[in-house]
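Q: pasting the sequence and the predicted model now:
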Amino acid sequence: MVQSEHLSKQYDQDLEALRSRVLQMGGLVEAQILAAIDAFASGNPGLIEQVIAQENKVNDFEVSIDNDSSQIIVRRQPAASDLRLIMAIIKTVTDLERIGDEAEKIARMSKQIHERGRLSMQQFAGIRHAAAIAVSMLRQGLDAFARLDAVEAAKVIREDRAIDSEFRSILRQLITFMMEDPRTISMALEIVWIAKAVERIGDHAKNIAEDVIYIVRGTDVRHTAIEQVEREAIG
């Protein structure tokens, strides 16, 4: 009886350790995004290289968490809610790793832009605003994951509309900019890629929020209207 109880406690500790490392990875990725946007604004070579180098740490987190998740499945053969949690963790770390990829992309494109010429503050303002929404979505998604809060997760999913709208607005501005001065086409296209990277960060944050609802409610809400998602979240 004592042995069984000990094993159960160890299992709980293993799951909690796994969740904690996901949140650590999320914190690292959030810092990477913020640094990438700062690099875009400043063109600081040291900051750009820091963001690029950080990608290796993000990748190490993904591999380690995936391996430990697989080990728990093999050893414990979890069922029901525990299995949902582990499967959602595996999907979440994949999204976090891809967010890291997008941050690295922003840093690399920023390097090219600043090597070519000066960036106007008007162009930077739109990216900065979209990035603020994306970072907020990621932070809220991770908070929902930490507290297993389906209602908070649904709010993140609704926020995806805002970042999509920001991306379309940036795209319209850049098209106008290129039409007015064709010499800026190369730089404008690079900024489009940065804007798209920010928009994809929002998409991955949305995926994380969807995984939280799956953990809590056992419902797959991908490709579901937001109104239905919110009803599922309430339960």
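A: Structure received. These numbers come from a predicted model, not from an experiment.
Q: count the neighbours of the closest residue in space to Asn44 that isn't next to it in sequence for me.
A: In space, and not counting its chain neighbours, Asn44 is closest to Asp38: 7.3 Å by C-beta to C-beta, 6 or more residues apart in numbering. Bear in mind the C-beta positions are built from the backbone N, C-alpha and C, glycine included. Residues within reach of Asp38, counting by other C-beta atoms under 10 Å, total 19.
Q: repeat for Asn44
A: Other residues close to Asn44 by other C-beta under 10 Å number 16.
Q: for the chain, longest helix please?
A: Longest helix in the chain, counting residues (DSSP state H): helix 2-42.
Q: what's in contact with stretch 143-155?
A: Defining contact as C-beta atoms under 8 Å, 6 or more residues apart in numbering, one finds that stretch 143-155 is touched by 19, 22-23, 26, 92, 140-141, 156, 208-213, 215-217, 226, 229-230, 232-235.
Q: I figured Ala233 hits Ile215, correct?
A: No. Ala233 is beyond contact range of Ile215, at 11.7 Å (criterion: C-beta atoms under 8 Å).
Q: residues in contact with Ser69?
A: Counting by C-beta under 8 Å, 6+ apart, Ser69 makes contact with 18, 86, 89-90.
Q: same check, this time on Ala88
A: 211-212, 214-215.
Q: let's go with 10 Å and repeat that
A: 22, 145, 208, 210-216 (C-beta atoms under 10 Å, 6 or more residues apart in numbering).
Q: can you pull the pLDDT of it?
A: Here, the pLDDT recorded for Ala88 equals 95.
Q: give the contact list for the residue lying closest to it once chain neighbours are set aside.
A: Leaving aside its chain neighbours, Ala88 sits nearest to Asp211 (4.1 Å; criterion: C-beta to C-beta, 6+ apart). Residues near Asp211 by C-beta under 10 Å, 6+ apart: 84-85, 87-92, 95, 141, 144-145, 153, 220-222.
Q: tell me the buried residues in whichever strand or helix holds Asp211?
A: With elements taken from DSSP states H and E, the one containing Asp211 is helix 185-217. Neighbour counts using 16 or more other C-beta atoms under 10 Å place 187-188, 190-192, 194-217 of helix 185-217 among the buried residues.
Q: in this structure, which ranges drop under the pLDDT threshold?
A: For the chain, the stretches flagged by pLDDT under 70 are 1-7, 117-123.
Q: repeat that with 80
A: 1-8, 116-124, 235 (pLDDT under 80).
Q: from the contacts of Ala88, which single one is nearest Asp101?
A: Of all these, Asp101 sits closest to Ile208, with 15.0 Å by C-beta to C-beta.
Q: what's the distance between Ile175 and Glu199?
A: Distance of Ile175 to Glu199, given as C-beta to C-beta, to the nearest Å: 16 Å.
Q: report how many residues lie close to Ala144.
A: 25.
Q: from the middle of its chain, how far away would the host helix or strand of it be?
A: In this assignment (DSSP H and E), Ala144 forms part of helix 121-147. Relative to the chain's own centre, helix 121-147 is displaced by 9 Å; criterion: C-alpha atoms, centre = their mean, to the nearest Å.
Q: and for stretch 34-42?
A: Taking mean C-alpha positions (C-alpha atoms, centre = their mean), stretch 34-42 and its chain are 17 Å apart.
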